[in-house]
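Q: return a 3D structure for these sequence lines:
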Amino acid sequence: MKKSVTLLCAVLAWTCLFHSSFAANEKAQAYKTICNKAYKIVAPNKGKQLGLYSINAVLKKTSKKIEIVESISLNYRGKKVEIKSTVIYQNTSPLFPIQGIAETKINEKLCMKGTVKFSEMAVEFECTGFLNKRTDKAIDPPKKFANKKQPIPEGIIIFQSALPVIGPLILPKEGELKNIVFVEFPDDIGAPELINFKKGYRLVRGKADKKGEYDLKIYNPHSKNSVSYVRFNKDDQIISIPSYGKMKLVEIEEEKK
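A: Here you go, the predicted structure:
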């Protein structure tokens, strides 16, 4: 009898272990990590650390969606500012944004929260302001803002946070794409400035060097200097982000080597 009980327990334990392992493997196979990077934000000239920046992106294999999560923590004018956004693209040809979610905080207090949604022909957004971004005083009751559905801007839509992820997919070879709609999301830390579509930008992919490394840069219509600049290796993985708007990023892992 004892042997039977012992054998039964062993079988049950193995079964549980098998199913747990299977579930873990199934979960692991459900998505593919595209990038997972962490950086220090430093002053362009003095090199003083101003905050932290991270970007994580995965490709969900079943739904064929690319999910990009960006986080920024920054000391700004005596305040701790935190920004987190999630942008989802449908991994089709051409790539198309589906949804964005953004949240901002000042000194760990919720300042703004909002969403933007895209359909085939229209875009709509809503956001709520919880703090006055200048005085840090609570907005009571929180103020809601929303827009009615409006036509999607014409052009290739690239969220600033998405450039390090989808840039090589949009422009897989050396060359230039015009009619880029460059999206700042959130546009600022306080409502209603949730999103800003900037038209007439261009995306330029430079010639690869002997190692297969190349640059991707976005330019506005009126400047010869790029507004965002990412360097990739031959496998389309990020090597560095020399400029991200007005921020300079230094990879944390690189400093440890």
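
Q: so what does the helix or strand where residue 163 lies touch, helix or strand wise?
A: In the assignment (DSSP states H and E), residue 163 maps to helix 163-170. Contacts defined by 3 or more C-beta pairs under 8 Å, 6 or more residues apart in numbering; DSSP states H and E place helix 163-170 against strand 31-42, strand 49-60, strand 65-76, strand 156-159, strand 196-205, strand 214-219, strand 226-232. Any C-beta I mention is one placed from the backbone N, CA and C, and that applies to glycine too.

Q: ok, now with 7 Å
A: Applying 3 or more C-beta pairs under 7 Å, 6 or more residues apart in numbering; DSSP states H and E, we find helix 163-170 packed against strand 31-42, strand 65-76, strand 214-219, strand 226-232.

Q: now do the first one against strand 49-60, angle only.
A: The one in question is strand 31-42. Interaxial angle of strand 31-42 relative to strand 49-60 (axes from the mean of the first three to the mean of the last three C-alpha atoms, to 10 degrees): 170 degrees.

Q: may I have strand 31-42 as CSV, with CA atoms only?
A: Taking Å, rounded to 0.1, in the frame of the first residue of the first chain, the C-alpha atoms of strand 31-42 are listed here in CSV:
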residue,chain,number,x,y,z
TYR,A,31,6.5,36.5,-27.6
LYS,A,32,10.0,37.4,-28.8
THR,A,33,12.1,40.1,-27.1
ILE,A,34,13.2,42.7,-29.7
CYS,A,35,15.1,44.9,-27.3
ASN,A,36,15.6,45.6,-23.6
LYS,A,37,17.9,48.5,-22.9
ALA,A,38,18.6,50.8,-20.0
TYR,A,39,20.4,54.2,-20.2
LYS,A,40,21.5,57.1,-18.1
ILE,A,41,20.3,60.5,-19.3
VAL,A,42,23.2,62.9,-19.2
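
Q: on that earlier part again, now the helix holding residue 163 - C-alpha only, PDB.
A: Written as PDB, here are the backbone C-alpha positions of helix 163-170 (Å, rounded to 0.1, in the frame of the first residue of the first chain):
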ATOM      1  CA  LEU A 163      12.100  54.500 -33.800                       C
ATOM      2  CA  PRO A 164      14.700  52.200 -32.100                       C
ATOM      3  CA  VAL A 165      12.300  49.200 -32.600                       C
ATOM      4  CA  ILE A 166      10.500  49.600 -35.900                       C
ATOM      5  CA  GLY A 167      12.900  51.900 -37.800                       C
ATOM      6  CA  PRO A 168      14.800  49.000 -39.500                       C
ATOM      7  CA  LEU A 169      11.500  47.400 -40.400                       C
ATOM      8  CA  ILE A 170      10.100  50.500 -42.100                       C
END
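
Q: okay, and the beta partners of residue 99?
A: Beta-bridge partners for residue 99, by DSSP bridges, are residue 88, residue 117.

Q: my guess is it contacts residue 123. True?
A: No. Counting by C-beta atoms under 7 Å, residue 99 stays clear of residue 123, with 10.3 Å between them.

Q: and these two? Which one has more around it.
A: The residue with more neighbours, out of residue 99 and residue 123, is residue 123; 19 against 15, by other C-beta atoms under 10 Å.

Q: that one belongs to a helix?
A: No. Checked against DSSP: H, G, I helix; E, B strand; the rest coil, residue 123 lies outside a helix; its state is strand.

Q: let me see the contact set for it.
A: Residue 123 makes contact with 116, 150, 152 under the criterion C-beta atoms under 7 Å, 6 or more residues apart in numbering.

Q: separation between the first one and residue 34?
A: This means residue 116. 21 Å (C-beta to C-beta, to the nearest Å).

Q: fine by me, we can end here.
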